[in-house]
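Colleague: Sequence and predicted structure, then a few things I'm wondering about:
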Amino acid sequence: MAFLGSLDIVGSALSAERTRMDVTLQNISNANTTRTEDGTPYRRQQVVFEERELNFETALTQAQANASGAGGAARTQTTGGVRVAEVVESDRDFLSVYDPTHPDADENGYVQYPNVDTTEEMLDMMTASNAYSTNLTVLSVMKAMINKTLEAGK
């Protein structure tokens, strides 16, 4: 059924947006972490998405079915949705704050704080939340379409 490929695409988008929300939450929770395991401040992370391509075998099978006419109206998608390509660390500079009483202050009294801007993170969280919500709406519409199709077959 052609709906299954579409459900997989929506599922991949939901998973990718959930990862983006998780990374954003991690950034917010570490916005004041001045020392990580390696002794440096926490560094902001960002999610990089990319198109999720079908593997060669699946694409070949679909192409053969479409070429022979067996695909008919149920032709499948040529792409496989979206996936998280990688989570990268931001190369933005750390914020230096003068606080000679802080345990992580250097010899000049400055503390290096993470390169996390909580306002930017909240904007990223709202964007990811809206994208997630939109994909849930698409999933609901597809579910209704599948139910109507099944009812028509009775």
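Modeller: Good, I have the coordinates. Residues are numbered from 1 along each chain as shown.

Colleague: Would you quantify the distance from the residue nearest to Tyr110 when sequence neighbours are not counted to Val10?
Modeller: Nearest non-adjacent residue to Tyr110, counting by Cβ to Cβ, 6 or more residues apart in numbering: Ser96, 4.7 Å away. Any C-beta I mention is one placed from the backbone N, CA and C, and that applies to glycine too. Distance from Ser96 to Val10, counting by Cβ to Cβ, to the nearest Å: 44 Å.

Colleague: Over to Leu139?
Modeller: According to Cβ to Cβ, Leu139 stands 5 Å off from Val10.

Colleague: go on, Thr24?
Modeller: Per Cβ to Cβ, Thr24 is found 21 Å from Val10.

Colleague: Same drill for the two, tell me which one is more crowded.
Modeller: Ranked by neighbour count (other Cβ atoms under 10 Å), Thr24 and Val10 place Thr24 first, with 25 against 21.

Colleague: so after the strand or helix carrying that one, what's the next helix or strand?
Modeller: Using DSSP states H and E, Thr24 falls within helix 2-29. For helix 2-29, the following helix or strand on the C-terminal side (DSSP H and E) is strand 45-51.

Colleague: Centre of the chain to that following strand, how far?
Modeller: 6 Å (Cα atoms, centre = their mean, to the nearest Å).

Colleague: Likewise for stretch 97-107?
Modeller: 36 Å.

Colleague: Same question for stretch 87-96.
Modeller: 19 Å.

Colleague: Okay, buried residues for it please.
Modeller: Buried residues in stretch 87-96, counting neighbours by 16 or more other Cβ atoms under 10 Å, are found at Phe94.

Colleague: now the protein, which segments are flagged as low pLDDT?
Modeller: Applying pLDDT under 70 to the chain picks out residues 1-3, 54-60, 62-63, 66-79.

Colleague: So which residue is smack in the middle of it?
Modeller: Ala16 (3.1 Å; Cα atoms, centre = their mean).

Colleague: Next one: it from Phe94, what distance?
Modeller: Taken as Cβ to Cβ, the span from Ala16 to Phe94 is 29 Å.

Colleague: again, but for Ile146
Modeller: Distance from Ile146 to Phe94, by Cβ to Cβ: 50 Å.

Colleague: now do Thr149
Modeller: Counting by Cβ to Cβ, the gap from Thr149 to Phe94 is 55 Å.

Colleague: do Leu7 as well
Modeller: Distance from Leu7 to Phe94, by Cβ to Cβ: 43 Å.
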